[in-house]
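**Student:** Here's my sequence, what's the structure:
(one chain, ligands or ions: 1)
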Amino acid sequence: MNNIKKLYIETFGCQMNVNDSATMVSLLKDLDYEQTDSAAGADLILLNTCCIRAKAEQKVFSELGRLKSLKNEKKKVLLGVGGCIAQQEGDRLLKRIPYLDLVVGTHSLHLLPDMVRAAEKGERLTRNDFLDPETRLDLFPRKEAAGGVARFVTVIQGCDNFCSYCIVPFVRGREVSRRSGEILQEIRELSEIGVREVTLLGQNVNSYGIKSPEEPSFAELLRRVAEIDGIERIRFTTSHPKDISPDLIACFAELPRLCSHIHLPAQSGSDRVLKAMNRGYTRREYLDRIAALKIARPDITITGDMIVGFPGETAEDFEETLSLMEEVGFADLFSFVFSARPETAAAKLADTLTRKERQERLDSLQHRQHIMTRERNNSLQGSIQEVLVEGVSRRGDQLFGRTSGNRITNISADPSLIGKLVTVRIVEAFQNSLLGEIV
Ligand code: SF4
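**Tutor:** Predicted coordinates:
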């Protein structure tokens, strides 16, 4: 008899959630749940949620509304919410959504199998306690050894920075650096099963080890990863500009396996706004770090995040943000309108802009970035790039991979090249990707 049950999991938000979803899938395999890509055919539906902005939260609630009819049709399907909204709302979610079966917070993933067992017996339950650092160290998520060429490896969780607009420290807890021995062991095992690129992951990887004197610094961790046979590329995300040490910048000059890309969120180009955001660096300091990175690795690709319309942001502040963008020459920028989040310090600040003004600033910034991104992609036309081939492209007739600078590149080539580093000439540039041919 086939006891396999279907699990549909929908992930909202950042890479950390993508990673947590993979952990949930892996944990539920022991309960005979197999992942499906259709909610309609599922026995268990999990929404792994994000609350970084009000819009992200609204999306989750409208998805929950949509799933109500499915729950009505198919009484036995179980519905669960995980991630940041689960951590923030806990039991309130069960009260607000009577057809919801379980709520699993960011520190409780390990409890998911028991929770699902209980929900299968008709219980409705929430687990969203924060764990102490020691317990968290023992529960660091670890991926099962399944295929793929490029993988994420969690090195640090949580955040101690309390940027005034950010809800992350409230829903992910304080920073905990994973034991370096475990990280290196996981990467060795990934290498043995054919993984060629690892991205070291955390809310703020640059502060890895700062609170754990027995662990190496982040720069030293990178050096140790670079020694692992078979790992040809290393990336990391996300970085906090205030914690980028000269030693870490030196790694870009020293370690050829470290990819030529850094995602370094600036958030604003105005000192006044950066201070109100509690970011811990000035415009000058940010630009100095960018300059040092460009010296260490002249072809480095820089991407970032920017918030527009922070309370009190004047037209001059906004102009400074635009000028910082130009000065850095971001290859891509994730930009958002400020969104007040509960519990954060910025939520108490008086708003000085109308919604229309904020949107106009965002549109103007995104328009400039759109042009800069296209120009940068165009400048790569004719260049020779190394691409790690990751799989078959969405269109199905090409392969895709990424350059060291993290540009998606499609190539017409034999699928036997998947998993290999190939040298390509860029023959055409588009807004979001490049077209290459094997040299
Ligand atoms: S560094 Fe700031 S923006 Fe990033 S997760 Fe921590 S509090 Fe949020």
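**Student:** Distance check, Val185 against the ligand.
**Tutor:** For residue 185 the amino acid is Gln, not Val. 27 Å (C-beta to the nearest ligand atom, to the nearest Å). Where C-beta positions appear, they are placed from N, C-alpha and C, glycine not excepted.
**Student:** How many neighbouring residues does that residue have?
**Tutor:** 13 (other C-beta atoms under 10 Å).
**Student:** pLDDT value on it, please?
**Tutor:** pLDDT recorded at Gln185 is 95.
**Student:** from now on call the first residue 226
**Tutor:** Sounds good: first residue 226 from here, last item Gln410.
**Student:** What is the strand or helix carrying it packed up against?
**Tutor:** Using DSSP states H and E, Gln410 sits in helix 405-417. Using 3 or more C-beta pairs under 8 Å, 6 or more residues apart in numbering; DSSP states H and E as the contact test, the elements touching helix 405-417 are strand 375-379, strand 422-426, helix 443-451.
**Student:** Buried residues, the helix or strand bottoming out on mean pLDDT in the chain. List them.
**Tutor:** The helix or strand of the chain with the poorest confidence is helix 358-363; it has a mean of 85 (mean pLDDT, DSSP states H and E). For helix 358-363, the buried set under the neighbour-count rule, 16 or more other C-beta atoms under 10 Å, comprises Arg361, Leu362.
**Student:** Dump the helices and strands packed on helix 405-417 into CSV; add distance to Leu364 as well.
**Tutor:** Shown next, in CSV, are those (distance: least, C-beta to C-beta, whole Å):
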stretch, distance to Leu364
strand 375-379, 11
strand 422-426, 16
helix 443-451, 20
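**Student:** Now distance to Phe395 and mean pLDDT too, for the ones you listed, in JSON lines please.
**Tutor:** Shown next, in JSON lines, are the helices and strands packed on helix 405-417 (distance: least, C-beta to C-beta, whole Å; pLDDT from 0 to 100):
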{"stretch": "strand 375-379", "distance to Phe395": "20", "mean pLDDT": "93"}
{"stretch": "strand 422-426", "distance to Phe395": "20", "mean pLDDT": "96"}
{"stretch": "helix 443-451", "distance to Phe395": "24", "mean pLDDT": "98"}
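**Student:** before we move on, back to that, and the contacts of the helix holding Gln410?
**Tutor:** Outside of helix 405-417, the residues within contact range by C-beta atoms under 8 Å, 6 or more residues apart in numbering are 365, 367-368, 370, 376, 378, 380, 420, 423, 425, 434, 440-441, 446, 449-450, 453-456.
**Student:** got the angle for it vs strand 422-426?
**Tutor:** If you take axes from the mean of the first three to the mean of the last three C-alpha atoms, to 10 degrees, helix 405-417 sits at 150 degrees to strand 422-426.
**Student:** For helix 405-417, what is the distance to the chain centroid?
**Tutor:** 20 Å (C-alpha atoms, centre = their mean, to the nearest Å).
**Student:** same check, this time on stretch 391-404
**Tutor:** So, by C-alpha atoms, centre = their mean, the centroid of stretch 391-404 is 14 Å from its chain's centroid.
**Student:** which residues touch the residue in the stretch 426-575 of the chain positioned nearest to the ligand?
**Tutor:** The ligand sits closest to Gln428 of the stretch 426-575 of the chain, with a gap of 4.3 Å, by C-beta to the nearest ligand atom. By C-beta under 8 Å, 6+ apart, the contact set of Gln428 is Met241, Ile381, Gln382, Gly383, Cys384, Val393, Arg397, Glu400, Thr463.
**Student:** The fourth one: how many residues sit nearby?
**Tutor:** This points to Gly383. 21.
**Student:** Give the buried residues for stretch 483-503.
**Tutor:** Buried-residue list, stretch 483-503, by 16+ other C-beta under 10 Å: 483-499, 501-502.
**Student:** packing partners for the least confident helix or strand of the chain?
**Tutor:** So helix 358-363, by 3+ C-beta pairs under 8 Å, 6+ apart, packs with strand 401-402.
**Student:** Just confirm yes or no for the strand it packs on near the ligand.
**Tutor:** No - on the criterion C-beta under 6 Å from any ligand atom, strand 401-402 is out of touch with the ligand, staying 13.4 Å away.
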